[in-house]
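> After the sequence you'll find the predicted model.
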Amino acid sequence: MSVARKARPTIRFVDEYCQLFEGLFPEVRSYEVFKLLHLGMISEIKRKSLPAIARAVGLDNHQSLHHFLTESPWTVQQLRQKRLEVILKVLHGKAMILLIDETGDCKTREKYRLCQTTIHWECGQKRKWDSRGDSLWIS
């Protein structure tokens, strides 16, 4: 019987985050694609389509990404449950409300460019993120 190979590393924080979900994927290939999708989603590509993500992470084509989303042996319910467990563990049982307001995202047309994305995170403090100035206000 052969020993399963280790998944190829990406960047440290993506690997550390995705490692929390490794048990959901019975095949190392599925787990590697899971990590590559995360890497592609945080990349600076303009469109987050599967072909664009594939190019950004160095794949020849997007077939493995598509297969992961449509045919891979994992369930969305398990992934969602694990994600919630991770969030609750990080919060140490504290209540939190997260509101992401995308209505102020910068638009491409000139008359809509004056805008900002606001993220309010309520867990004892309120924080506001200004996407124009790379600043975080804590009140």
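Looks like it came in fine. Keep in mind that this is a model prediction, so the values were computed, not measured.

> Could you count how many residues lie near W74?
16 (other CB atoms under 10 Å). Heads up, the C-betas are built off the backbone N, CA and C, glycines and all.

> Ok, H67 next?
13.

> now do A54
20.

> what's the nearest residue to it if we skip its chain neighbours?
In space, and not counting its chain neighbours, A54 is closest to H62: 3.9 Å by CB to CB, 6 or more residues apart in numbering.

> and that neighbour, what does it touch?
By CB atoms under 8 Å, 6 or more residues apart in numbering, the contact list for H62 reads S49, L50, P51, I53, A54.

> please redo it, this time with the cut-off set to 10 Å
Counting by CB atoms under 10 Å, 6 or more residues apart in numbering, H62 makes contact with G40, S49, L50, P51, A52, I53, A54, R55.

> Surely H67 is in a strand?
No: using DSSP: H, G, I helix; E, B strand; the rest coil, the assignment for H67 is helix, not a strand.

> list the contacts for it?
R29, S30, V33.

> Repeat that for L36.
8, 10, 14, 18, 53-54, 56-59, 64-65, 68.

> Please identify the buried residues of stretch 36-53?
L36, L37, H38, L39, G40, L50, I53 (16 or more other CB atoms under 10 Å).

> I'd like the average pLDDT over that stretch.
In this model, stretch 36-53 has a mean pLDDT of 92.

> start at 74 instead
Yes, from this point I'll number from 74; that puts the last item at stretch 109-126.

> ends of that stretch, how far apart?
Using CA to CA, to the nearest Å, the end-to-end distance of stretch 109-126 comes out at 8 Å.

> State the distance from Q150 to E100.
Remark: distance between Q150 and E100 (CB to CB, to the nearest Å) = 19 Å.

> Pick out whichever of those two has more residues nearby.
Under the criterion of other CB under 10 Å, the comparison of Q150 against E100 puts E100 first, with 13 against 8.

> Leaving out chain neighbours, which residue sits closest to the more buried one?
Leaving aside its chain neighbours, E100 sits nearest to P146 (6.9 Å; criterion: CB to CB, 6+ apart).
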